[in-house]
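Visitor: Okay, predicted coordinates and the sequence, questions at the end:
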Amino acid sequence: MAIEIRQATGLDLPEIMKLEIASFANDAWPEETFHSELDAPHTYYILALEGEELVGYAGLSKLAGSDQADIQTIAVREDKRGLGIGRKLMDALTLEAKNRDAKEIFLEVRADNSVAQKLYKVFGFKQIGTRKKYYQPDGVDAFIMKTDLIGKEKAELVVLGIETSCDETGVGIVRGNQLLANIISSSMDKHAIFGGVVPEIAARAHLEALTPVLNEALEKANLTLDEIDAIAVTNGPGLAGALMVGVGAAKALSVATGKPIYAVNHLVGHVGADILDRGELHTPTIALLVSGGHTSLLLVRDLLNDVVLLGETIDDAAGEAFDKVSRVLGLSYPGGPEIDRVAKDANPAAIRFPRGLTLPKDMEKHRYDFSFSGLKTAVARHVELAESKGEEISIGDVAASFREAVVDVLIKKAISACKDFDVPRLLLGGGVVANSRLREVAKAQCEANGIELRIPPFSLCTDNGAMIAAIGAQLIMAGRAPSSLNFSAESTLPVTIVQS
Amino acid sequence: MKSPAASTRIAEYALAIDTSAGTTVSVLSMGAVLAELNYLEPMTHSERIGSAIEKVLKDSGIQAKQIATVVVGVGPGPFTGLRVGMAAARYFAFGAKAQLVGVCSLDSIALDFYLANPEQSSLLVTTDARRKEVFWATYSSVVDGVPVRTHGPAVNKFEDIQTLVDVSTMAITELGVRAGALGQIAFAQGLTPQGTNSDITPIYLREPDAVPSKGKKVSG
């Protein structure tokens, strides 16, 4: 269930005290102390709620006229730890500290609480001292930690994003939520004679395109490299050899310029693309990402803290199926636009091709998963059978019927995810959203079900560096520390890891 | 990728990078190695490259913006690893506003060999090309600090090299690629009338593995 953050009031005290005693045992504050803290004008206490249930709380103190804020406490219920609730609370406190014009935030943490220390480090806190035996009666030391909020307003920071996960070399530049440049060089033409992306060809093309694309992006944004504040790079999922080109380049650029680097998840990047289109991301949303490499259905409650993979293809990606069927029909690569072209005005109901993983027995295990391999084979068999009988086939009807089967499954599963999770929003991403029928059916089905449909412009739907820069900017605005220089390219990076 | 050779003279501080085998990086001043790092593992280039450059700068006490030349080993070497260093070199040079020059990775092995064996004349250098083949080149000597290549670079089965070149009198070395040696070669080249080799095209020597689509027939 979604986590909500709201400000605490005196009425919440009994519930807070239960969690306080459970969390801190010997160090728990007395109820009177907590009550006066909640009432004080210089404090800000917030709750994390799952439905009606209190699962965490945190508090900040900031005296008027002072540049310093202090994090007074933070607690997450034991069975809800590791779910990003601590991060959400920290996000909210950091934002409030900024709103109250703090320039730095201090906190104390038990020396033996390494989990909490790790969370604080993520938010840029560094240990600046120790208070001996601060926690009594246990006699445990306190580490004093501090983070700086000084500097340019974080929402105004300029981030350069680098994307090389498949066959598009992308460099994009954003300022906060605003798109400044989005330059893409595709090696698609070089793969055409092979009927699909050849990883080695894609990787070679990335190396050649890196510098021209970076130059062009800076030119488009009318910025010099010195005016960039941070670098973001896709480190997965994607083709390993292709990812490594971007990762190697981005790390070297970071060292050469001294700018911080953020390693970003490619799929989360696709969701973040909508920020650049409308200036913000509305959550929760279901996201359907369909390309030559991915077919994934995501539930996004919070872009940085709560992205869940509901399902994905168990064999071919949808774009791959378009390419393969295009080949069967003697059409060229990439298959999507070709199928779209010949299917125009043809009969999508001419042949009833199978809808993968939609039978009741499959739906039990694979409610949100996809399969297109059987469909591709069914199309090939249909064509071969007709040929062996010497029958003329209508390529248009086969293409239209195949396309209908793909679109039908994609949109049905996406809509049912919206309904199942009571999420009135659907976001499309990935190169296959260029498909006219997919857009048409998505629009009709969303309208019929009262779901808001978001389709960013195509240059933001296909793989691009701007969406990666957008995630980098979000991470910075949330106060996240940069990635260490040692992260790796992860071809199967799970969607739950937004930043490596 | 060629830029006018005459314009490239290696300036005081240089960073050399090579990932054609392991990961090796070095900072040099006028051709003298100030610091060098060599990681031999053949699979960790993209993890290592950032912190390796950062460390070698720190060890040498040189700041990134002081680097005026980036020397990169252009292979030959296994492609995926080779590209990491070449990509890093391109963006480091961009970021530090440095010139970028390329040197054949095998040349660094030849330089190290001749420095240790100045009396030897001809040399065969080989490195692992996987698939039971080697990348190789032959050399006759070092002139003005630059190894003189007589054949290659090429890729063949080791036993087939003798059918192409008479290797009977040649020394064979087990040495590995070293970034410091690449930097020294680039510096020496910059002092010769020919100027530095500014070609930064990777030496792949093999086409990508892919078969053009025959179309049709995907069932069965």
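Guide: Here it is on my side, so go on.
Visitor: So A:Ala58: helix, strand or coil?
Guide: What DSSP: H, G, I helix; E, B strand; the rest coil gives for A:Ala58 is strand.
Visitor: gap between it and chain B?
Guide: 34 Å (C-beta to the nearest C-beta, to the nearest Å). To be clear about C-beta, it is placed using only N, CA and C from the backbone, and glycine gets the same treatment.
Visitor: swap in A:Ile476?
Guide: Distance from A:Ile476 to chain B, by C-beta to the nearest C-beta: 19 Å.
Visitor: Where does that residue fall, secondary structure wise?
Guide: helix A:465-477 (DSSP states H and E).
Visitor: Mean confidence (pLDDT) on that helix, please.
Guide: Per-region confidence: helix A:465-477 scores 96 on mean pLDDT.
Visitor: Next to chain B, which bits of the stretch 151-300 of chain A? Give me the list.
Guide: Proximity of the stretch 151-300 of chain A to chain B, by C-beta under 8 Å from any C-beta of the partner chain, involves residues A:193-196, A:198, A:200-201, A:203-204, A:206-207, A:210-211, A:214, A:225, A:240-241, A:243-258, A:261.
Visitor: and if we set it to 6 Å?
Guide: By the criterion of C-beta under 6 Å from any C-beta of the partner chain, the positions of the stretch 151-300 of chain A lying close to chain B are A:193-195, A:198, A:200-201, A:207, A:210-211, A:241, A:244-245, A:247-249, A:251-253, A:255-257.
Visitor: picking up where we left off before, neighbouring contacts of the helix holding A:Ile476?
Guide: Outside helix A:465-477, the residues that touch it by C-beta atoms under 6 Å, 6 or more residues apart in numbering or on different chains are A:154-155, A:157, A:159, A:161-163, A:170-172, A:174, A:176, A:179, A:182, A:230, A:232, A:234, A:262, A:264, A:268-269, A:272-273, A:275-276, A:304, A:499.
Visitor: Just the buried ones among the residues you listed, please.
Guide: Buried residues within the contacts of helix A:465-477, defined by neighbour count using 16 or more other C-beta atoms under 10 Å in any protein chain shown: A:154, A:157, A:159, A:161-163, A:170-172, A:174, A:176, A:179, A:182, A:230, A:232, A:234, A:262, A:264, A:268-269, A:272-273, A:275-276, A:304, A:499.
Visitor: Which helix runs longest in chain B?
Guide: Longest helix in chain B by number of residues (criterion: DSSP state H): helix B:79-96.
Visitor: average pLDDT for the following helix or strand past that one?
Guide: Downstream of helix B:79-96, the first helix or strand assigned by DSSP H and E is strand B:99-103. The average pLDDT for strand B:99-103 rounds to 92.
Visitor: Also stretch A:106-117?
Guide: For stretch A:106-117, the mean confidence score works out to 91.
Visitor: How about the residues of chain B by chain A?
Guide: Residues of chain B lying near chain A (C-beta under 6 Å from any C-beta): B:46-47, B:49-51, B:53-54, B:64, B:80, B:83-84, B:86-88, B:90-92, B:95-96, B:208, B:210, B:212-213, B:215-216, B:218-219.
Visitor: Output whichever strand or helix holds A:Ala442 as CSV, restricted to C-alpha atoms.
Guide: Assignment of secondary structure by DSSP H and E places A:Ala442 within helix A:436-448. C-alpha atoms of helix A:436-448 as CSV (Å, rounded to 0.1, in the frame of the first residue of the first chain):
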residue,chain,number,x,y,z
SER,A,436,-0.3,4.3,-34.1
ARG,A,437,-2.6,1.5,-33.1
LEU,A,438,-1.1,1.2,-29.7
ARG,A,439,-1.7,4.9,-29.1
GLU,A,440,-5.3,4.7,-30.5
VAL,A,441,-6.3,1.7,-28.3
ALA,A,442,-4.6,3.1,-25.2
LYS,A,443,-6.5,6.4,-25.7
ALA,A,444,-9.9,4.7,-26.2
GLN,A,445,-9.4,2.2,-23.3
CYS,A,446,-8.2,4.9,-20.9
GLU,A,447,-11.1,7.2,-21.7
ALA,A,448,-13.6,4.3,-21.3
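Visitor: And the pLDDT at the nearest residue to A:Gly195 once chain neighbours are set aside?
Guide: Spatial nearest neighbour of A:Gly195, chain neighbours left out: B:Ser213 (3.2 Å); criterion: C-beta to C-beta, 6 or more residues apart in numbering or on different chains. On the pLDDT scale, B:Ser213 is placed at 71.
Visitor: Look at B:Ser213 and tell me its secondary structure.
Guide: From three-state DSSP, the assignment for B:Ser213 is coil.
Visitor: that older thread, following the helix holding A:Ala442, which helix or strand shows up next?
Guide: The C-terminal neighbour of helix A:436-448 among helices and strands, as given by DSSP H and E, is strand A:452-454.
Visitor: and A:Thr492, how many neighbours does it have?
Guide: A:Thr492: 8 surrounding residues under other C-beta atoms under 10 Å in any protein chain shown.
Visitor: Could you do the one 4 residues further on as well?
Guide: Using other C-beta under 10 Å, the number of residues around A:Thr496 comes to 13.
Visitor: before we move on, the earlier item: list the neighbours of the longest helix of chain B that are in contact with it.
Guide: A:207, A:210-211, A:241, A:244-245, A:248-249, A:252-253, A:256-257, B:17-20, B:45-46, B:49, B:64-65, B:67, B:70, B:72, B:75, B:100, B:202.
Visitor: Next: stretch A:306-325.
Guide: A:84, A:196, A:268, A:290-300, A:333, A:335-336, A:339, A:368-373, A:376, A:379, A:402, A:406, A:417, A:432, A:495, B:218.
Visitor: so of these, which ones are in helices?
Guide: A:268, A:335-336, A:339, A:373, A:376, A:379, A:402, A:406, A:417.
Visitor: In TSV: the residues you listed, plus distance to A:Glu104.
Guide: Output for the ones in helices among the contacts of stretch A:306-325, formatted as TSV (distance: C-beta to C-beta, whole Å):
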residue	distance to A:Glu104
A:Val268	30
A:Gly335	56
A:Gly336	52
A:Ile339	58
A:Ser373	56
A:Lys376	58
A:Val379	63
A:Phe402	60
A:Val406	54
A:Ala417	43
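Visitor: Let me know the closest of these to B:Gly152.
Guide: Proximity of the ones in helices among the contacts of stretch A:306-325 to B:Gly152 (C-beta to C-beta) peaks at A:Gly335, which lies at 42.0 Å.
Visitor: List the contacts of A:Ile415.
Guide: Contacts of A:Ile415 by C-beta under 6 Å, 6+ apart are A:445, A:449.
Visitor: what's the angle between the helix or strand containing A:Leu428 and helix A:465-477?
Guide: Take DSSP H and E as the rule and A:Leu428 turns out to sit in strand A:425-429. For strand A:425-429 against helix A:465-477, the angle by axes from the mean of the first three to the mean of the last three C-alpha atoms, to 10 degrees is 130 degrees.
Visitor: so for strand A:425-429, what's the average pLDDT?
Guide: 97.
Visitor: thinking again about what came up before, for the longest helix of chain B, what is the distance to the chain centroid?
Guide: 12 Å (C-alpha atoms, centre = their mean, to the nearest Å).
Visitor: With stretch B:77-97 instead?
Guide: For stretch B:77-97, the distance to the chain centre is 11 Å (C-alpha atoms, centre = their mean).
Visitor: Name the residues of it that come out as buried.
Guide: In stretch B:77-97, residues buried by neighbour count (16+ other C-beta under 10 Å) are B:77-96.
Visitor: Please save the CA atoms from that stretch in CSV.
Guide: What follows is stretch B:77-97, C-alpha atoms only, in CSV (Å, rounded to 0.1, in the frame of the first residue of the first chain):
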residue,chain,number,x,y,z
GLY,B,77,42.4,-6.1,-27.7
PRO,B,78,39.1,-7.7,-26.8
PHE,B,79,36.5,-5.2,-27.9
THR,B,80,34.3,-4.7,-24.9
GLY,B,81,37.2,-3.9,-22.6
LEU,B,82,39.2,-1.9,-25.2
ARG,B,83,36.2,0.4,-25.7
VAL,B,84,35.9,1.3,-22.0
GLY,B,85,39.4,3.0,-22.0
MET,B,86,38.8,4.6,-25.3
ALA,B,87,35.4,6.0,-24.2
ALA,B,88,37.0,7.2,-20.9
ALA,B,89,39.9,8.8,-22.8
ARG,B,90,37.5,10.7,-25.1
TYR,B,91,35.4,12.2,-22.3
PHE,B,92,38.4,12.8,-20.0
ALA,B,93,40.1,14.8,-22.9
PHE,B,94,36.8,16.6,-23.5
GLY,B,95,36.4,17.4,-19.8
ALA,B,96,40.0,18.5,-19.2
LYS,B,97,40.2,20.3,-22.5
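Visitor: Having no further points to raise, I will conclude here.
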